[in-house]
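Asks: Using only what follows, build the 3D model:
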Amino acid sequence: MADSTAKKINPPQEQDHQPGRETEMHPKPEYMPKFPGNGRLAGKVAIITGGDSGIGRACAVLFAREGAEVALVYLEETEDAKITASAIKAEGKQALLIRGDIGEKAFCDNVVGKVIEEFGKLDVLVNNAAEQHPQEEIADISAEQLQHTFQTNLFGYFYLTQAAIPHLGQGASIVNTTSVTAYRGSPTLLDYSSTKGAIVAFTRALSGNLADKGIRVNAVAPGPIWTPLIPASFDADKVAEFGASQPMKRPGQPNEVATCHLFLACDESSYLSGQVLHPNGGEIVGG
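Replies: Modelled structure (predicted):
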């Protein structure tokens, strides 16, 4: 049960379907870039999974402002995806919408094929899509839930990376979204935390594997961020208090995380690989 004395940050709200819809949130997450673009991704083509909303949407619009054409991969939230596509087009760039389940290898192969057919190349891969299903006890995590969480959060990263690598050249970048839970765990998100820890290891291992090819691999480990996954995961009282326990006493906004993805995707981070950035409101982890 939520602590009744905890600070209320947002109105209590819930959604009954994962990964959640941004159109149903109040207040809406902040996704628009805060600053003018500087051409950091001029001429680049990027794939962003979970690009319809939340952190993915913020990355997509920011990447477009910095000059990239963007392919948005999403599960089923077409209305959210169309809003994101409109924001990309408002930045003067193209948006390719691709709907499907990244937990299926054939779909991931198809995603990369469509991007190469549409844009002729691929420069940046942002593995970002995820799901989470809180359970109080480990015994409550069904085999089906465990399989599905790993299928989306980890296998999907593998499948899409496998499909992308033949098309990535010198100077390309892969950015994986992990989580603060990879470092400090979460008592009610055992399977989710496990996938996010695996993503950290995947990032570090893959960075060494691809170093000779000039492809950098890094990750971002957000703390509590105001995205559709939150009201789709927790009860209304927990949602209202979400982020209050962080040192900054609030949840982060998607546009406060996307800048980390941009930095790792562009040449400003040319000497970084196998690293993780931590936009988490001041929580010290992994020291």
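Asks: all contacts plus neighbour counts: C-alpha atoms, from now on.
Replies: Fine.
Asks: pLDDT-wise, which helix or strand of the chain ranks last?
Replies: Lowest mean confidence among the helices and strands of the chain (mean pLDDT, DSSP states H and E): helix 236-241, at a mean of 84.
Asks: what's in contact with that helix?
Replies: Here helix 236-241 makes contact (Cα atoms under 8 Å, 6 or more residues apart in numbering) with 2, 6-14, 230-231.
Asks: Show me what the next helix-or-strand element following it is packed up against.
Replies: Going down the chain from helix 236-241, the next helix or strand is helix 254-265, by DSSP states H and E. In terms of contacts (3 or more Cα pairs under 8 Å, 6 or more residues apart in numbering; DSSP states H and E), helix 254-265 is packed against helix 54-65, strand 173-177, strand 216-220.
Asks: Off-centre distance for the least confident helix or strand of the chain?
Replies: Centroid displacement of helix 236-241 relative to its chain, using Cα atoms, centre = their mean, to the nearest Å, is 22 Å.
Asks: rewinding a little: between the helices and strands packed on helix 254-265, which gets nearest to Gly39?
Replies: Closest to Gly39 of the helices and strands packed on helix 254-265 is helix 54-65 (Cα to Cα; 7.7 Å).
Asks: And the closest one, what's buried?
Replies: 54-65 (16 or more other Cα atoms under 10 Å).
Asks: how long is stretch 15-25 end to end?
Replies: Counting by Cα to Cα, to the nearest Å, you get 9 Å between the two ends of stretch 15-25.
Asks: So which of the contacts of helix 236-241 is surrounded by the most neighbours?
Replies: Counting neighbours by other Cα atoms under 10 Å, the top entry in these is Pro231, with 28 neighbours.
Asks: Reformat the helices and strands packed on helix 254-265 as JSON lines; add mean pLDDT and distance to Glu104.
Replies: What follows is these, written out as JSON lines (pLDDT from 0 to 100; distance: least, Cα to Cα, whole Å):
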{"stretch": "helix 54-65", "mean pLDDT": "97", "distance to Glu104": "20"}
{"stretch": "strand 173-177", "mean pLDDT": "98", "distance to Glu104": "18"}
{"stretch": "strand 216-220", "mean pLDDT": "98", "distance to Glu104": "22"}
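Asks: Now distance to Val200 too, for the ones you listed, in CSV please.
Replies: Output for the helices and strands packed on helix 254-265, formatted as CSV (distance: least, Cα to Cα, whole Å):
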stretch, distance to Val200
helix 54-65, 18
strand 173-177, 8
strand 216-220, 7
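Asks: Verify the stated contact: Ala46 with Asp123.
Replies: Yes. Under the criterion of Cα atoms under 8 Å, Ala46 makes contact with Asp123 at 6.0 Å.
Asks: Neighbours of Ala143, how many?
Replies: Neighbour number of Ala143 under other Cα under 10 Å is 9.
Asks: same thing with Gln170?
Replies: Neighbours of Gln170 (other Cα under 10 Å): 13.
Asks: got it, and the one 10 residues further on?
Replies: Neighbours of Val180 under the rule other Cα under 10 Å: 23.
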